[in-house]
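Asks: Have a look; sequence and predicted model below, questions after that.
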Amino acid sequence: MDKLIHGVAADATVRVMAAITTDTVREAVRRHQTSPTVTAALGRVLTGTLLLGSSLKDFDRLTVKIESNGSVEGIVAEALGDGKVRGYVKNPVAELPLRSDGSFDVTGIIGKGMFYVIREAGFEVGFRPEPYIGSVPIESGDIGEDFAHYLLKSEQIPSAVLLGIQLQAEEPYVTCAGGVMIQMLPSSDENIAVMIEDTILHMPKLTDSIREGATPEDLLKMTLGIIDYEILGEKDVKFECNCSYERAFQLISSLGKTEVRLMLEQDKGASMTCGFCNETYTLNEDDLKRILEAD
Ligand code: ZN
């Protein structure tokens, strides 16, 4: 089971989060049939969204949205307080050749555009305060750097964001995935930032460690070096959507009887595919008749 932890370091002057997201990214690939470079991009966005939302409470929701002019066109990920995350890309088959250093050209398929973060509190219990929406232009398209750029420009938090996805040619295509986020609070010491930067510069590749079995806490230790930390929370995370047959049924009902009658007469049924998870729900003739007979 994938895990997400969050805590504090250096006498609570630094916020830290780490996650292993291998199964989460595998499920995203299975559902959306993404190309390798899109898998790297979507995997990083899903992981970054989980990290950014690590201290979400039940009923909170955090959405990260990229709208860009590259061939992937757009990416959306949404994390909930209970550790569920879902996400999709507009064009799952966007692809570019590997870069000269052998890495996936995530920057190339993203291109230029905007990076949005939408924070909503208590969205399912009926009271909906205005969502907080922050946005920055896409700085690098590398995604990790874009999360860091967003935190700095929009929330005034200097940070380090490491997101790693390692792929393989055979199913399940994702060897391992995970990430670390370090946020410097206003009270933090400049020396701590320098120490962390230096540790990151010299540490082994994140994905190599995850492949060898590192836990989220191991990733934190690698990143923090000798700086002490305290873990404040841990949760299981997974790719899971909140769509259902009942929701699809309600949505089709809401189209109105004229529309439903047309579906029944012309198509003998109706089907709906959820954009977030690619699940298709099919309503047969009896289902449509049930909608028409309801008052
Ligand atoms: Zn869905």
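Replies: Noted; the coordinates are in hand.

Asks: what about the most centrally placed residue in the chain, distance to residue 195?
Replies: For the chain, the residue lying nearest the average C-alpha position, counting by CA atoms, centre = their mean, turns out to be residue 46 (1.9 Å). As judged by CB to CB, to the nearest Å, residue 46 and residue 195 stand 29 Å apart. C-beta here means a position set from N, CA and C on the backbone, and glycine is covered the same way.

Asks: Over to residue 186?
Replies: When CB to CB is the yardstick, residue 186 and residue 195 sit 18 Å from each other.

Asks: repeat for residue 107
Replies: Taken as CB to CB, the spacing of residue 107 relative to residue 195 amounts to 29 Å.

Asks: ok, those two, which is more surrounded?
Replies: Counted by other CB atoms under 10 Å, residue 107 and residue 195 do not tie: residue 107 has more neighbours, with 20 against 16.

Asks: For the closest residue to the ion within the stretch 51-200 of the chain, grab the count of nearby residues.
Replies: Among the residues of the stretch 51-200 of the chain, residue 86 lies closest to the ion, at 6.6 Å counting by CB to the ion. Residue 86 is surrounded by 25 other residues when neighbours are defined as other CB under 10 Å.

Asks: And residue 19, which helix or strand is it part of?
Replies: Of the helices and strands defined by DSSP states H and E, residue 19 is found in strand 14-20.

Asks: Pull the helix or strand just after that strand out as CSV, backbone CA atoms only.
Replies: Note on strand 14-20: by DSSP H and E, the next helix or strand toward the C-terminus is helix 22-32. Output of helix 22-32 as CSV, limited to C-alpha atoms (Å, rounded to 0.1, in the frame of the first residue of the first chain):
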residue,chain,number,x,y,z
THR,A,22,4.1,3.3,-7.0
ASP,A,23,0.7,1.6,-7.0
THR,A,24,-1.1,5.0,-7.4
VAL,A,25,0.8,5.8,-10.6
ARG,A,26,0.4,2.2,-11.8
GLU,A,27,-3.4,2.5,-11.4
ALA,A,28,-3.4,5.8,-13.3
VAL,A,29,-1.5,4.2,-16.2
ARG,A,30,-3.8,1.2,-16.2
ARG,A,31,-6.8,3.5,-16.4
HIS,A,32,-5.6,6.1,-18.8
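
Asks: Would helix 22-32 count as contacting the ion?
Replies: No. Using CB under 5 Å from the ion, we find that helix 22-32 stays clear of the ion, coming within 8.6 Å at best.

Asks: elements contacting that helix?
Replies: Applying 3 or more CB pairs under 8 Å, 6 or more residues apart in numbering; DSSP states H and E, one finds that helix 22-32 contacts strand 2-9, helix 36-52, strand 84-89, strand 174-184, strand 229-239.

Asks: Which of the residues in it are classified as buried?
Replies: Of the residues in helix 22-32, those with enough neighbours to count as buried (16 or more other CB atoms under 10 Å) are 22, 23, 24, 25, 26, 27, 28, 29, 31, 32.
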